[in-house]
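Student: Sequence and predicted structure below; questions after.
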Amino acid sequence: MSLTGDAASPCAYMLTLMDAAALTYNAKRSSGRSYRALACDAGVAASTITRIEAHATDPTFSTMQRLLRSCGFELVAIRTTPSRRPLLAELATAWSPAGSATGSPELHWTQWRTLLDRLALHPELVPEAIYVPPPPAGHHVIDTLLAGVAEKLADDAGLLRPSWTETVPELDVAFTPPTRRHRPVPPQLASRGVMIDTESLFRSKSKVGV
């Protein structure tokens, strides 16, 4: 789900693998509307909205359109067939075991930077890249890093954070890679215990390729 646009134009929810329950809940919460007001404007029963949020019913596309429009949003379809567009999920395998006593992973930095550079150059690809949940990476540090990166990309683009990141816990012991530079760490990563400085992963559009 994404939130784009400005005060003068309607925002857009972009549906990938996020289910209708989370989509409906976040739309209602963002708009501040009550169940009764939303149901009245959308032409559905209030019980329908609560059933959607409870995963008790599978709403039609038309119903979702009316609900989102009543919250000031538009439903936008995104292609979910395989494509060459960058997906954050691709980075779930971009690491290797370090073989150290700590068991810390070694990131394949080039893969991470290449994908994130592409998103810096093409910000319109960010919603599709972050809303598809990645598979389990096989290491809790990578799972947590992916969640923090997704949240930073969402925050920077003015989007709602992907719901899948809410299920990824912060690290019990902070992860600091050997290559850590003493520069500011994005708050989205620091709050999760991933101490990777901003410039090691994220570069502005003007610096990509430099």
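Tutor: Done, it's in. Numbers count the residues shown, from 1 in each chain.
Student: Could I get the buried residue list for the helix or strand in which Asp41 is found?
Tutor: Under the assignment given by DSSP states H and E, the secondary-structure element containing Asp41 is helix 35-42. Residues of helix 35-42 classed as buried by neighbour count (16 or more other CB atoms under 10 Å): Leu38, Ala39, Ala42. Quick note: C-beta positions are derived from backbone N, CA and C, even for glycine.
Student: ditto for stretch 169-179
Tutor: Of all the residues in stretch 169-179, those buried under the rule 16+ other CB under 10 Å are Leu171, Phe175, Pro177.
Student: For the second one, give me its contacts.
Tutor: Applying CB atoms under 8 Å, 6 or more residues apart in numbering, one finds that Phe175 lies in contact with Ser104, Val141, Thr144, Leu145, Gly193, Val194, Met195, Ile196.
Student: Dump these into a markdown table; add distance to Pro184, pLDDT and secondary structure as well.
Tutor: As requested, the contacts of Phe175 are arranged in a markdown table below (distance: CB to CB, whole Å; pLDDT from 0 to 100; DSSP: H, G, I helix; E, B strand; the rest coil):
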| residue | distance to Pro184 | pLDDT | secondary structure |
| --- | --- | --- | --- |
| Ser104 | 21 | 80 | coil |
| Val141 | 20 | 93 | helix |
| Thr144 | 19 | 95 | helix |
| Leu145 | 17 | 96 | helix |
| Gly193 | 16 | 93 | coil |
| Val194 | 13 | 93 | strand |
| Met195 | 11 | 92 | coil |
| Ile196 | 11 | 92 | coil |
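Student: Arg51: which of those residues is nearest?
Tutor: Proximity of the contacts of Phe175 to Arg51, judged by CB to CB, is greatest for Thr144, which lies at 33.5 Å.
Student: Verify the stated contact: that closest one with Val168.
Tutor: Yes - with contacts counted by CB atoms under 8 Å, Thr144 reaches Val168, the gap being 5.8 Å.
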